[in-house]
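>>> no sequence on this one, just coordinates:
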C-alpha cells in the first residue's frame, strides 16, 4: 500500500533544513554513497512512522540482515571473513551516521574476491570426472549450514552444490523422456500420425549432457555477477539498514525507481519487446502485437541484438556481453524519439532497424473480466484485478477503479446476475483507488482509517453516491493478497456488502508507504534515488489493524500457500498489530453469511478434487521442509521414484475441469482475429480458469446469494 503523498513543507523545515546545504555535488561514487547513507539515516529518523534508535542493537540487526541478503546460502564467505567482519557488528550505527563506507567496501571487495576464487574452484571441479556414486548429502536448510571453515571445505561444498544441480538436471531429462514415451505409446496405440521425437540417452550420455548444462549455468552466473556494478550492491547494503525499520521501507536507486514506476503505471515507453539474456548474449523475446518492434516487420523473436543507438546524435553502443537491464535502459526513452537496433538474424545476416518509441501497455497489470455461463442457466461476471494501479502523472493514464468500472459496465450489458472479484495474488497499490472501487458497489461511507506517527487519525471516505453494481458480490483472496486488497476486502466485509472467500487469512500488511526523493534535501543536481518510507498505519473502519492478522475470510478454503510461512506475521521486523476506536458506519448485512458458509462447507467436504488438492499442498510443504538430500545417484533415483509414486495420485489435479463455460465479449473475439499474442493469452487464461477449483466454488456461492429487496 502506498499513496501519492506530498510531504508537508513545514514538517520538513525545522528538523531537515540543515540537510539542504550539508553536501556539495559528489565528485565520485564514494562521495555519492556517503551522501546517500547520511540522507537515508536522517529521512528514516525524522519521517518514518515508528523510528528506531540508531544504536548497537540496531547495528546487530542490520549486520545479521545484511549477510542474509548477500550470502543467504553461506557459499561465498569463509569463516575467516566472518571473523573479520564481526569486529564491525556493533559499529554499523556509527557508519550510517557518519557516511562511513569501510564496512560496505570491505564486504563487497571480499565478495568479488571470493567470487573470482570460486569461479576458478568450479572450473577445477568441472575439469575432473563427476562421481555421483559417493555417499554424500547436501544441507538444504541455510539455518543449519555453517560458513565454510577454509577453502578446502568451500571446495567440497561447491562440489556438492554442483552435484545436486547435475542430479536435478538428469531427473529433468528422465521426466521428459518418460513423458515423451507415454505420448508416443498413446499415439501408436490409437494409430495416430506419429510426429513425436523420442531420444533415449544412456546414463553416461545423460551425465555428460547434464554436466555440460550445469557448467554453462554456473559460468553464466559468475559472468553476470562480475558484470554487476558495485553501486548495485550498495542498494542491497542500504536496504539492510532500511528493512530493519520495517520490511516495506526500502532504498531505490534511480534505475530501481524507474522500474517500479513502470510496473505501477502499467506502461513503458519503448519498442514493445522482451529482452532475454542467454550465454552472454542478448536476444529479442516475444514482440507485442501493434508495438514498434512488431510494426517494423524486420525484427523477430530470437534475433541477436548487437548494437543499440539510443539517440540520433549518439554513437551505436555495443551490447554484446551487456546485462539485459542495461540494454533495456538504452532502448527505452522519450515517446516519439527514434531508437536503432542492429541485430543478427537466424540466417546470420545483419540488419539495422530504426523505430519510433511508443507507449506500450503492460496488459497483465490491468483489470480484465469474462462472462461465466453457469450450469443453472444464469450468467455471472468474473473480474480479475492484478494490482491497484494508478498513474498520478498522466490525467489520461489508466487506473484500477476506472478499469473495474468499465468491466462492470461490459458485464451488465450481458445481463449478469452476480460478480466475483478476484484479488488473489494482488499485492496492493494505490490507497485512493480502494475508495473509488468501493464506490462502484455501494453508497458513500468511510472505508479506512489512517494513523500517522504522531498518533493523528484520519478517516478516509468514499463520496460516491451512485454505485453501478448493487447485486451479489464475492471477493476472492489468498495469503498473497495484501495492503490495498486487504482494505477493500475488509471494508466490504465490515459493511456486509460482499462475501470474502478464500484462504483463512490474507497477507497482513497494514502500513502505508510513500516515496521520498533524497534529492529534495540536497544541494545537488545528481539523482540520489528514493526512499520508499512507511509513514502511516491503516485500520479497518471497525478500528482493527490489518497488520499481521490480515482479513479472515467469511468462507475459508485452504490452498498451497496456507501451509507455507507467507505473511507479515513471519517477518521479524514487521510492525505490531493494534487497535483504535471504530469509525461511524451503517452495516448493510446484504446476505446470510452463516447459511452461505454452511452450504459451501458441505459442498467442499464432498469435493474430491479440493480434498486431493489439500493433501497435495501438505505433501509439498513437507518436501520444502526437508533439511538434507542425498547426492548418491542411486539413492537419489530411489528418492525420485518414491516421490513420483506419491505424485501419481495427484495427477488428477492437472486434468481437473471445473465445468464452467466462459464467454468472451464480441469486441475481444474480433481482436483475437488480428492479435495473435492477445489470442494466446486469452486461451491460456481461460484454460487456467477452467482448472480453478476455487473459482468453481466462488461461482456456486455467488449463485446462492440473494440480495435484500
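Okay, I see it. For clarity, every value in this text was computed on a predicted model and none was experimentally measured. Residues are numbered from 1 along each chain as shown.
>>> for the helix or strand harbouring residue 437, name the packing helices and strands.
Per DSSP states H and E, residue 437 falls inside helix 431-438. On a contact count with 3 or more CB pairs under 8 Å, 6 or more residues apart in numbering; DSSP states H and E, helix 431-438 meets helix 400-412, strand 445-452, strand 457-462, helix 484-495. Where C-beta positions appear, they are placed from N, C-alpha and C, glycine not excepted.
>>> nearest to residue 366, out of those?
Closest of these to residue 366 is helix 400-412, at 5.3 Å (criterion: CB to CB).
>>> now the closest one against helix 431-438, angle please.
Relative orientation of helix 400-412 and helix 431-438, computed by axes from the mean of the first three to the mean of the last three CA atoms, to 10 degrees: 20 degrees.
>>> what lines up beside the next helix or strand after helix 400-412 in the sheet?
Per DSSP H and E, the first helix or strand lying C-terminal to helix 400-412 is strand 419-422. For strand 419-422, the paired strands and their directions (DSSP bridges) are strand 379-384 (parallel), strand 473-477 (parallel).
>>> where's residue 330, which helix or strand?
Element membership for residue 330, per DSSP H and E: helix 324-331.
>>> which positions in that helix come out as buried?
Going by neighbour count (16 or more other CB atoms under 10 Å), the buried part of helix 324-331 is 324, 326-331.
>>> on that earlier part again, point out the most buried one among the helices and strands packed on helix 431-438.
Ranked by mean neighbour count, the helices and strands packed on helix 431-438 are led by helix 484-495 with a mean of 27 (mean count of other CB atoms under 10 Å).
>>> by contact count, what packs against that helix?
helix 431-438, strand 445-452, strand 473-477, strand 499-502.
>>> just send the ones you listed back as TSV, with distance to residue 364 and mean pLDDT too.
Listed next are these as TSV, based on distance: least, CB to CB, whole Å; pLDDT from 0 to 100:
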stretch	distance to residue 364	mean pLDDT
helix 431-438	17	93
strand 445-452	27	96
strand 473-477	18	98
strand 499-502	21	98
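>>> so which of these comes closest to residue 583?
Nearest to residue 583 among the helices and strands packed on helix 484-495 is strand 445-452 (4.5 Å), distances taken as CB to CB.
>>> circling back: for residue 533, which of the helices and strands packed on helix 484-495 is the nearest?
The nearest among the helices and strands packed on helix 484-495, by CB to CB, is strand 445-452 at 12.0 Å.
>>> strand partners of the closest one, parallel vs antiparallel please.
According to DSSP bridges, strand 445-452 forms sheet pairs with strand 457-462 (antiparallel), strand 530-539 (antiparallel).
>>> looking at the ones you listed, which is closest to residue 489?
strand 530-539 (13.0 Å).
>>> packing partners for the next helix or strand after the closest one?
Using DSSP H and E, the helix or strand that directly follows strand 530-539 along the chain is strand 555-556. Where contact means 3+ CB pairs under 8 Å, 6+ apart, strand 555-556 is packed against strand 499-502, helix 593-606.
>>> who's in contact with the longest one?
Contacting residues not belonging to helix 593-606 are listed as 496, 499, 501, 554-555, 557, 610, 697, 700-701, 704-705 [CB atoms under 8 Å, 6 or more residues apart in numbering].
>>> cool, stretch 37-51 as well?
Contact with stretch 37-51 is made by 7, 12, 15-16, 19, 22-23, 54, 95-101, 238, 241-242, 245-246, 249, 251, 452-453, 511, 516, 518, 521-522, 528, 531, 533-537, 575, as judged by CB under 8 Å, 6+ apart.
>>> over to stretch 627-642?
132-141, 144, 160, 163-164, 167, 170-171, 174.
>>> the residues you listed in strands, which ones?
If you go by DSSP state E, the contacts of stretch 627-642 have 137-139 in strands.
>>> list only buried entries from the residues you listed.
Among the ones in strands among the contacts of stretch 627-642, those scoring as buried are 138-139 (criterion: 16+ other CB under 10 Å).
>>> redo the ones in strands among the contacts of stretch 627-642 as a markdown table? Include distance to residue 319 and pLDDT.
Output for the ones in strands among the contacts of stretch 627-642, formatted as a markdown table (distance: CB to CB, whole Å; pLDDT from 0 to 100):
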| residue | distance to residue 319 | pLDDT |
| --- | --- | --- |
| 137 | 43 | 96 |
| 138 | 37 | 95 |
| 139 | 40 | 95 |
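>>> angle of the helix holding residue 437 against helix 484-495?
Calculated by the same axes, to 10 degrees, helix 431-438 forms an angle of 40 degrees with helix 484-495.
>>> before we move on, back to that, mind checking which of the contacts of stretch 627-642 land in helices?
160, 163-164, 167, 170-171, 174 (DSSP state H).
>>> so what touches the helix or strand containing residue 697?
Per DSSP H and E: residue 697 is located in helix 693-704. Identification of contacts with helix 693-704 by CB under 8 Å, 6+ apart yields 372, 374, 376, 378, 380, 382, 417-420, 422, 424, 472-474, 476, 499, 501-502, 555, 557, 559, 596, 599-600, 603-604, 607, 609-610, 613, 656, 658-660, 689.
>>> give the rounded mean pLDDT of it.
Helix 693-704 shows a mean pLDDT of 96.
>>> distance from the chain centre to it, please.
27 Å (CA atoms, centre = their mean, to the nearest Å).
>>> how far does stretch 448-465 stretch from one end to the other?
Taking CA to CA, to the nearest Å, stretch 448-465 runs 17 Å from one end to the other.
>>> and the spatially most distant residue from the centre of the chain, its phi and psi?
No residue in the chain sits farther from the centre than residue 191, which is 45.4 Å out by CA atoms, centre = their mean. With angles defined as degrees, to the nearest 10, residue 191 sits at phi 50, psi 40.
>>> how far does the helix holding residue 437 sit from its chain's centre?
Centroid separation for helix 431-438 versus its chain: 22 Å, with CA atoms, centre = their mean.
>>> in the stretch 101-250 of the chain, which spans are helices?
102-126, 151-189, 203-227, 230-242 (DSSP state H, counting those that start in this stretch).
>>> which of the strands paired with strand 419-422 sits most buried?
By mean count of other CB under 10 Å, the strands paired with strand 419-422 have strand 473-477 as the most buried, with a mean of 27.
>>> excluding its own residues, what touches it? List them.
Residues from elsewhere that reach strand 473-477 (CB under 8 Å, 6+ apart): 418-424, 441, 485-486, 488-489, 492, 497-503, 506, 551, 553, 694-695, 698, 701-702, 705.
>>> likewise stretch 211-226?
By CB under 8 Å, 6+ apart, the list of residues contacting stretch 211-226 reads 112, 115-116, 118-119, 122, 126, 130, 162, 165-166, 169, 277, 279-280, 323.
>>> same thing with stretch 136-143?
Residues outside stretch 136-143 that contact it (CB under 8 Å, 6+ apart): 72-74, 145, 160-161, 163-164, 626-632.
>>> and stretch 568-582, by the same measure?
For stretch 568-582, the external contacting residues (CB under 8 Å, 6+ apart) are 49-50, 61, 65, 243-247, 449, 451, 457, 507-511, 534, 537, 539, 541-545, 547-550.
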